[in-house]
Structure formats: C-alpha cells, structure tokens
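1. For reference, the sequence and a predicted model appear below.
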Amino acid sequence: MTLQIDRIQALCFDIDGTLSDTDDAYVQKVACWLRPGRFLLPNRDESRLARRMVMALETPGNLFHSFSDRIGLDRVLAQWNDRLIKVGRERWEINTILMPGVRELLSELHSRYPMAVVSARGERTVLAFLEQHELIHFFQVIVSGQSVRFTKPFPDPILYAAQGMHVLPEACLMIGDTTVDILAGKAAGAQTVGVLCGFGEREELQRVGADIILDHTNELNYALNGFVTLPYKTDK
C-alpha cells in the first residue's frame with residue numbers, strides 16, 4: 001500500500017476517531033452510566049465493558065446513518081440531535097477530546113495544502129468541535145452531514161469538498177478511521193488514508209482498499225513527506 005504523493009493537492013479529514021478522540025470520549029460516558037452496577041462486573045471494571053459496547057455499536061451505527069440518508073431522514077435526525085443537545089447539553093453531549101499532535105499537524109499542513117473537514121455529524125456539532133478547539137481557521141471547506149444529499153460512504157461529501165477547494169476529486173486525500181471514510185474517498189476517485197486511533201480495525205480498512213494505514217493521525221506528515229518507516233506502531 002502506497003500513496004502517490006505527487007497527486008495530492010488537498011486534504012479531507014474526518015472528525016470522529018481522526019481529529020477527535022471520540023471512541024475514548026464515548027467509552028468514558030458509557031462507563032459513567034455503568035458505574036452504579038460495577039459490583040456486578042468482573043474485577044469491577046466498567047471501562048472494559050464500556051469499550052466493548054462502543055466498538056460493537058460502531059458498525060451498526062454507520063449502517064443506520066447510511067440507511068437514513070437513503071430514505072431521506074438524515075436531516076430530520078440531525079435536527080433532533082441538535083434539539084437534544086440544546087435541551088440537555090450535559091446529559092446528551094459528549095465532551096470532545098482532541099487527538100494528540102493534531103493541532104501541530106494541521107498547523108504544519110495548512111501552509112502546504114487546502115484542507116476540508118468531511119464529517120457525517122450535524123452542522124451544529126461539527127462547528128462546535130472546531131470552535132471548541134480553535135481549529136476552524138485551518139479549513140477552507142466544512143462538510144457536515146447536512147451539506148450534501150448523501151453523506152459517507154457516498155462520494156458526495158468528497159466531491160463537494162473538492163469543488164470548494166478548487167481541485168479535482170482525484171487530487172484529494174481522504175483521511176478517516178472507518179470503512180465509510182475509505183469507501184467515500186474511493187467512490188470519489190480520491191486516495192485514502194486509514195487511521196487506527198479511532199473505531200476502525202486494520203483488517204477492515206485493508207479490505208475496503210485504504211491506500212495506506214497509519215497508527216495515528218499525527219503520523220500523516222511523515223507519510224506525506226515520503227517516509228516509509230514511521231516513528232512507532234501499535235498492536236491494534
């Protein structure tokens with residue numbers, strides 16, 4: 001698996017599991033809900049069960065999101081999500097955690113490439129994340145789940161981002177942690193990078209054809225500079 005670096009003129013980033021350490025945030029939230037019953041769990045470890053629950057729900061969640069797009073319910077669901085957050089922010093909203101090294105990475109790449117956020121989140125939560133971590137100025141285009149008719153794994157978000165950055169879709173690099181990110185990039189003709197710091201597993205990202213797979217988003221600069229050996233590897 002290799003990248004054709006000379007083809008890359010623009011970068012598209014997923015949020016959850018790529019820029020934001022969303023899986024750990026969800027695990028923390030679920031662990032809080034499980035804590036009152038921890039005396040029933042092996043070793044009284046609610047975090048392990050919470051992580052298993054979050055990982056088990058990731059694939060069905062992506063399928064449901066794709067299905068809602070197909071039947072035209074994506075905007076309705078996004079509106080309900082915004083209402084829930086507005087009514088009970090502390091109860092419903094997950095505090096976002098920025099991936100280590102992401103701010104430095106974006107600062108470095110911002111001078112070299114136009115960049116876009118390509119997320120299936122609703123517009124409100126996309127902007128809230130970018131504003132909370134003061135990242136919005138890095139991105140020329142912001143694509144939410146409400147920006148296009150069909151979101152990932154359809155190519156529409158990548159095509160929209162490419163148009164906004166004034167490049168061809170095949171000149172884009174899509175960076176994400178799940179199969180839907182890779183499938184969307186490939187459907188648009190873009191190159192793709194899978195990262196293992198989110199929900200995705202190496203085998204499934206390889207199976208759908210990621211051009212390269214990195215352990216962490218913050219390794220992207222090494223890959224774009226043509227390094228074959230990256231600083232460290234994980235066992236994920």
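-> Happy to help now that I have it.

2. where do the helices sit along the chain?
-> Using DSSP state H, the helices of the chain run over residues 22-34, 46-70, 74-87, 89-92, 102-110, 123-132, 156-165, 179-188, 202-207, 220-224.

3. and residue 134, how many neighbours?
-> 10 (other Cβ atoms under 10 Å). (C-beta placed from N, C-alpha, C; glycine too.)

4. How confident is the prediction for residue 30, by pLDDT?
-> With respect to pLDDT, residue 30 scores 53.

5. do the same with residue 152
-> 92.

6. for the protein, which spans come out with low pLDDT?
-> 1, 22-95, 227-236 (pLDDT under 70).

7. how is this structure carved up into domains?
-> Using automatic domain parsing, the domains assigned to the chain come out as 5-22+97-224, 23-92.

8. so who does residue 100 touch?
-> 216, 218 (Cβ atoms under 8 Å, 6 or more residues apart in numbering).

9. That one and residue 160: what is the separation?
-> When distance is defined by Cβ to Cβ, to the nearest Å, residue 100 is 29 Å away from residue 160.

10. can you check residue 131 too?
-> In terms of Cβ to Cβ, residue 131 sits 21 Å off from residue 160.

11. Comparing the two, which shows the higher neighbour count?
-> residue 160 (20 against 10).

12. For residue 183, which non-adjacent residue is closest in space?
-> Leaving aside its chain neighbours, residue 183 sits nearest to residue 153 (3.7 Å; criterion: Cβ to Cβ, 6 or more residues apart in numbering).

13. Counting neighbours, what do you get for that neighbour?
-> Neighbours around residue 153, by other Cβ under 10 Å: 23.

14. Quickly list what the closest residue to residue 133 other than its chain neighbours is bridged to.
-> Closest residue in space to residue 133, ignoring its immediate chain neighbours: residue 98 at 5.0 Å, by Cβ to Cβ, 6+ apart. For residue 98, the beta-bridge partners under DSSP bridges are residue 20.

15. Next, count neighbours for residue 98.
-> Count around residue 98 with other Cβ under 10 Å applied: 15.

16. just residue 202 next, same as before
-> Residue 202, neighbours per other Cβ under 10 Å, totals 15.

17. From residue 194, how far off is it?
-> For residue 202, the distance to residue 194 - Cβ to Cβ - is 8 Å.
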